[in-house]
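**Student:** Quick one: sequence plus predicted model below, questions after.
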Amino acid sequence: MSAITPPRRKAARRRLPSALDRRFEAVVFDWDGTAVPDRLADARALRNLVEELCSLGLDLAVITGTHVGNVDDQLRARPAGPGHLYFCVNRGSEVFQADEEGLHELHRREATPAEDAALDSAAAATVAELERRGVAAEIVSQRLNRRKIDLIPEPEWADPPKALITELLAAVEERLRGAGLAGLGDAVDIALAAAHAAGLPAARVTSDAKHVEIGLTDKADAARWTFAELARRGIGPNLVLIAGDEFGQLGGLTGSDSFLLVPEAARAAAVSVGAEPSGTPADVLALHGGPDMFVSLLEDQLERRRRRDLPELDGDPAWTLTFETLDPRLQRVHESLLTLADGRLGTRGAPLFANGSATPGVVLAGAYVSDGAATQLVACPDWTRIGARSHRRRKLSRRLDLRSGLLREDGAVTAVRFSSLARPATAAFRAVGNPTLLPKSRRRRIAGPVPALMQDRWRGRVFERIAAYDPQDDVAHAALAAGEEAGFERLLCEHREAWARRWAGADVVVEGDAELQRAVRFALFHVMASVHDGGEAAVGARGLSGPAYNGHVFWDSDVFVLPFLAATHPAAARAMLEYRA
């Protein structure tokens, strides 16, 4: 395929706030009232959106109080990935993943017999106390880890839609006040007291206006699981959009969707599409519009992926190395610091366009020329070059995300590149800019001691390249074919997740010194990036950041690098020892 496939259709878009004018990597959202108006609504259009978004790499997580059957029977999505679809249901007690093979349980919080008995006792005591005060209430369900009590068991309010939340709240409050209670807050306090008396001091009591629920978990538990899972996949909170319809107070109580705003989500963007009768919190964007607006948000994200918008970086200062100018005096240093490596392939962080002070370079671990003291790493063809034009701008922003191994450049063109940790010696980048600055489509084989195979794809303002290196031509061809079949988005997802796994066992947290924290992570990033975890790993004094020391291996590696790898990534430590042996 020589060109990027054009969009099949143009999504109907609404004008969105500037804070949403970007690509997100995950969407976390409530179900009833946010994604669908009610549980009888036709969700086929939403299903199509979800499946295509997942196919283009977006992760989606539903967080809801209902059980999985209600959501899955209505949505019936079976995405093929590389994006994931999660159902975090029963207010944080269960998590499922839906994929092309079906539904899979990932997490379950199971109440002990004693906890179940305490939940029954607390629910019964709550109903008894409400009735003692003149409010007829009913236990309407005994779900996993929670009990649900109906505060207004009347036919006209049997199944109220979310659109009538204001009227429902008024009817419940009037009913409670008629019995001498101050409002919904008093009903919750009664349930809390009953839970504590039953032996559940950490019970979670929530309300959707019609019901009071006593449980062992709530949406905050689901949100914490979700953000931990996204982090495990290399997606930071700044890349996440949270959507709900009840963030503001409801009858003086915290809105149910505000539980999605856990500390782990502090840098995520949050929007409400609901009526919000008591107003929307200041840190949540009020869009209103209900499920139609939510669908518009997803359509906007789909359009961005279809037209190949660049992935954003998370932007956490503790994980980001930034250079805002092109300083000829420091260019060589900056290029070394911005090196991308995957254990086999190392690429200096030179600008995409040539300039007089740049020293671009690509090396392959273990590939040397000459003999004896003259032995040096082979200079490989450079996969990051997109033209011979000189870069005359001094304003050139380059940001390296240490958590995900992504380098973003904003200059004559904007580009994101990476050397795949999941598929070492395979690299990719996507650039967006004036078509006259981008090369045209072609497939190239650049000969040399280590041949480079590159597949270029171009359409209008978007250019993509996938490259593969190996001393054996057939191996390089196979790697390039596999990379092409995967495509940029799947390669990106795999790469981020591979780095997340590596950091999970290696990160060192420094408190109270932000600069030291970033410096430590920078050092760990380059150590991990310099060592392959298969075969033999010859770790030179400058890693894979360029030709310094000619790539020679000294005792320093065994003293400073090997112990760290033995503790954090034994496969890489073994590869170092195989080289020594």
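**Tutor:** Thanks, I have it.

**Student:** From now on I want contacts and neighbour counts done on CA atoms only, so please keep to that.
**Tutor:** Noted.

**Student:** For the stretch 1-150 of the chain, which segments count as strands?
**Tutor:** Read by DSSP state E, counting those that start in this stretch, the stretch 1-150 of the chain holds these strands, from start to end of the chain: 26-29, 59-63, 85-89, 94-99, 102-108, 138-143, 146-150.

**Student:** got TSV for the ones you listed, with mean neighbour count and distance to residue 398 too?
**Tutor:** Converted to TSV, these look like this (neighbours: other CA atoms under 10 Å; distance: least, CA to CA, whole Å):
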stretch	mean neighbour count	distance to residue 398
strand 26-29	25	24
strand 59-63	25	27
strand 85-89	27	32
strand 94-99	20	36
strand 102-108	14	38
strand 138-143	15	51
strand 146-150	22	50
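
**Student:** mind checking which of those is nearest residue 520?
**Tutor:** Put simply, out of those the one that sits nearest residue 520 is strand 26-29, at 28.2 Å, with distance taken as CA to CA.

**Student:** by contact count, what packs against the closest one?
**Tutor:** strand 59-63, strand 240-244 (3 or more CA pairs under 8 Å, 6 or more residues apart in numbering; DSSP states H and E).

**Student:** Looking at those, which is nearest to residue 485?
**Tutor:** Ranking the helices and strands packed on strand 26-29 by their distance to residue 485 (criterion: CA to CA) puts strand 59-63 first, at 20.5 Å.

**Student:** and the residue nearest to residue 219 when sequence neighbours are not counted, how many neighbours does it have?
**Tutor:** Using CA to CA, 6 or more residues apart in numbering and skipping residues adjacent in sequence, the residue nearest residue 219 is residue 91, 4.9 Å away. A count of neighbours around residue 91, defined by other CA atoms under 10 Å, yields 26.

**Student:** OK, contacts around residue 91?
**Tutor:** In this structure, residue 91 makes contact with 63-66, 217-219, 221-222, judged by CA atoms under 8 Å, 6 or more residues apart in numbering.

**Student:** Need the helices and strands packed on strand 26-29 in a markdown table (columns: distance to residue 24 and mean pLDDT).
**Tutor:** As requested, those are exported to a markdown table (distance: least, CA to CA, whole Å; pLDDT from 0 to 100):
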| stretch | distance to residue 24 | mean pLDDT |
| --- | --- | --- |
| strand 59-63 | 9 | 98 |
| strand 240-244 | 6 | 98 |
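
**Student:** about what we covered before: out of the contacts of residue 91, which two sit at the greatest distance?
**Tutor:** Farthest pair in the contacts of residue 91 (CA to CA) is 66 and 221. Separation: 14.5 Å.

**Student:** ok, those two, which is more surrounded?
**Tutor:** The residue with the greater number of neighbours, taking residue 66 and residue 221 and applying other CA under 10 Å, is residue 221; the counts read 19 against 16.

**Student:** any idea of the angle the helix or strand containing the more buried one forms with strand 85-89?
**Tutor:** Residue 221 is part of helix 219-232, with elements assigned from DSSP states H and E. Taking axes from the mean of the first three to the mean of the last three CA atoms, to 10 degrees, one finds that helix 219-232 is oriented at 160 degrees with respect to strand 85-89.

**Student:** Would you mark the buried spots in helix 219-232?
**Tutor:** Applying a neighbour-count criterion of 16 or more other CA atoms under 10 Å, the buried positions in helix 219-232 are 219-228, 230-232.

**Student:** what's near enough to touch the residue positioned nearest the centre of the chain?
**Tutor:** By CA atoms, centre = their mean, the mean C-alpha position of the chain lies nearest to residue 235, the distance being 2.7 Å. Residue 235 is in contact with 25-26, 314, 496, counting by CA under 8 Å, 6+ apart.

**Student:** From residue 277, how far out is the closest residue to residue 467 other than its chain neighbours?
**Tutor:** With sequence-adjacent residues excluded and distances taken as CA to CA, 6+ apart, residue 467 is closest to residue 454, at 4.3 Å. In this structure, residue 454 lies at 56 Å from residue 277, with CA to CA, to the nearest Å as the measure.

**Student:** Compare these two (neighbour count), which wins?
**Tutor:** Here residue 454 and residue 277 are compared on neighbour count by other CA under 10 Å; more neighbours surround residue 454, at 24 against 15.

**Student:** Just the CA atoms of the strand or helix carrying that one, as PDB, please.
**Tutor:** Assigned by DSSP H and E, residue 454 belongs to strand 452-459. What follows is the C-alpha trace of strand 452-459 in PDB, where atoms were taken according to Å, rounded to 0.1, in the frame of the first residue of the first chain:
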ATOM      1  CA  ALA A 452      18.000  -0.300   6.100                       C
ATOM      2  CA  LEU A 453      14.500  -1.000   4.700                       C
ATOM      3  CA  MET A 454      12.000   1.800   4.800                       C
ATOM      4  CA  GLN A 455       8.300   2.000   3.800                       C
ATOM      5  CA  ASP A 456       7.000   5.600   3.200                       C
ATOM      6  CA  ARG A 457       3.400   6.500   3.100                       C
ATOM      7  CA  TRP A 458       2.200   9.900   2.200                       C
ATOM      8  CA  ARG A 459      -1.100  11.700   1.800                       C
END
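
**Student:** Parallel or antiparallel, list what pairs with that strand.
**Tutor:** When pairing is defined by DSSP bridges, strand 452-459 lines up against strand 443-446 (antiparallel), strand 462-469 (antiparallel).

**Student:** how about those, which one is nearest residue 149?
**Tutor:** Nearest of those to residue 149, taken as CA to CA: strand 462-469 at 55.1 Å.

**Student:** Name the residues that touch that closest one?
**Tutor:** 308, 345, 364, 383, 425-433, 435, 438-439, 450-458, 476-477, 479-480, 483-484, 488.
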